[in-house]
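A.B. asks: for reference, the sequence and a predicted model appear below.
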Amino acid sequence: MSDRLAKVLYGQGKMQERTRIQCVVKSTFSETRLVPALNDILIANPSPADVSRFRMGFAEGVDISDNLRLTDGRGSSIEEKETMPYKKYGTVTRFGNTPYDIRESLNVWSSGLWMSTATGSTAAMAAAGGKPMDLPSKDIQYYIREHIHEHGMDVLPEVVDNGFVRDGEQLHMRWNSQK
C-alpha cells in the first residue's frame with residue numbers, strides 16, 4: 001500500500017475514469033442536489049422498522065409536438081391530460097418546467113432502494129444480491145431490498161427487483177412514506 005501511495009504522490013500513479021451517481025431531491029418548493037457518490041447510495045425510511053413506500057419508473061421526455069396544450073409548469077392539468085393519448089402518456093411529471101413521461105412505473109413497498117455504480121457493485125450491492133459490473137461501465141444498478149410483492153404479479157420478482165439504469169436514462173422516484 002505504501003508503495004502505491006508513494007507512486008500517486010510523485011505523479012507515477014495510473015488515473016482511471018469512474019462513473020459517479022448523484023441524487024436530486026425535489027419537493028414542492030425546492031430542489032436539493034446531493035453530493036455525487038462513487039460507490040452506492042441507499043434510499044430508505046430513516047426508521048429501520050418502517051416500510052419504505054415509493055413509486056419508481058424511467059423518465060422519458062414528452063414529445064410536445066403532439067399538439068399538447070401544456071400548462072404553466074405547476075403540474076399536469078385536466079386540460080393537459082385530455083390532450084394526451086392515454087396509452088402513450090400514462091404518468092406525466094415535470095423537472096425544470098420540462099414534461100416527462102414515466103414508463104415502466106412500479107409501486108414498491110420494501111426496506112429501501114440500493115443504487116450503485118460499477119465501482120460499488122462488487123461490495124455491498126453484490127452481497128445484497130446484485131450483480132458485479134465491469135468497472136468501465138457507465139450504467140447504474142438498482143436493487144429493491146426486501147420487496148413486498150403484490151399477489152398475482154405478472155413479472156417474476158427477480159426481474160423487477162434488480163435492474164440497470166443505462167447510460168442516458170433517468171430513474172424517477174416519488175417517495176410515498178410519511179418521513
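C.D. replies: Nice, I can see it. Not measured: the values here are computed from a predicted model. Residues are numbered from 1 along each chain as shown.
A.B. asks: low pLDDT regions in the protein?
C.D. replies: For the chain, the stretches flagged by pLDDT under 70 are 1, 28, 63-91, 95-96, 150-159, 178-179.
A.B. asks: show me where it has its strands.
C.D. replies: Under the criterion DSSP state E, strands of the chain are mapped to 24-26, 31-33, 40-43, 52-61, 92-95, 98-110, 112-116, 140-145, 162-165, 170-175.
A.B. asks: and the nearest residue to residue 110 once chain neighbours are set aside, how far from residue 4?
C.D. replies: Sequence neighbours aside, residue 147 is the residue nearest to residue 110 in space, at 4.5 Å (criterion: Cβ to Cβ, 6 or more residues apart in numbering). Glycine gets a C-beta too; all of them are placed from N, C-alpha and C. As judged by Cβ to Cβ, to the nearest Å, residue 147 and residue 4 stand 40 Å apart.
A.B. asks: same question, residue 125
C.D. replies: With distances taken as Cβ to Cβ, residue 125 is found 25 Å from residue 4.
A.B. asks: who has more neighbours out of residue 147 and residue 4?
C.D. replies: residue 147 (18 against 11; other Cβ atoms under 10 Å).
A.B. asks: got a list of what the more buried one touches?
C.D. replies: By Cβ atoms under 8 Å, 6 or more residues apart in numbering, residue 147 lies in contact with 108-110, 157, 160-161.
A.B. asks: would you show me how to pick out the buried ones of these in ChimeraX?
C.D. replies: Buried subset of the contacts of residue 147, written as a ChimeraX selection, criterion 16 or more other Cβ atoms under 10 Å:
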select :108,109,110,160,161
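A.B. asks: I'd like to know which of the contacts of residue 147 is nearest to residue 134.
C.D. replies: Nearest to residue 134, judged by Cβ to Cβ, of the contacts of residue 147 is residue 161 at 21.3 Å.
A.B. asks: just list whatever residues bridge to the residue nearest to that closest one when sequence neighbours are not counted.
C.D. replies: With Cβ to Cβ, 6+ apart as the criterion, residue 161 has its nearest non-adjacent residue at 4.5 Å, and that residue is residue 144. Following DSSP bridges, residue 144 is listed with bridge partners residue 113.
A.B. asks: surely residue 144 touches residue 173?
C.D. replies: No - counting by Cβ atoms under 8 Å, residue 144 does not reach residue 173; the two are 11.1 Å apart.
A.B. asks: hey, what's in contact with both of the two?
C.D. replies: Taking Cβ under 8 Å, 6+ apart as the criterion, residue 144 and residue 173 both touch residue 113.
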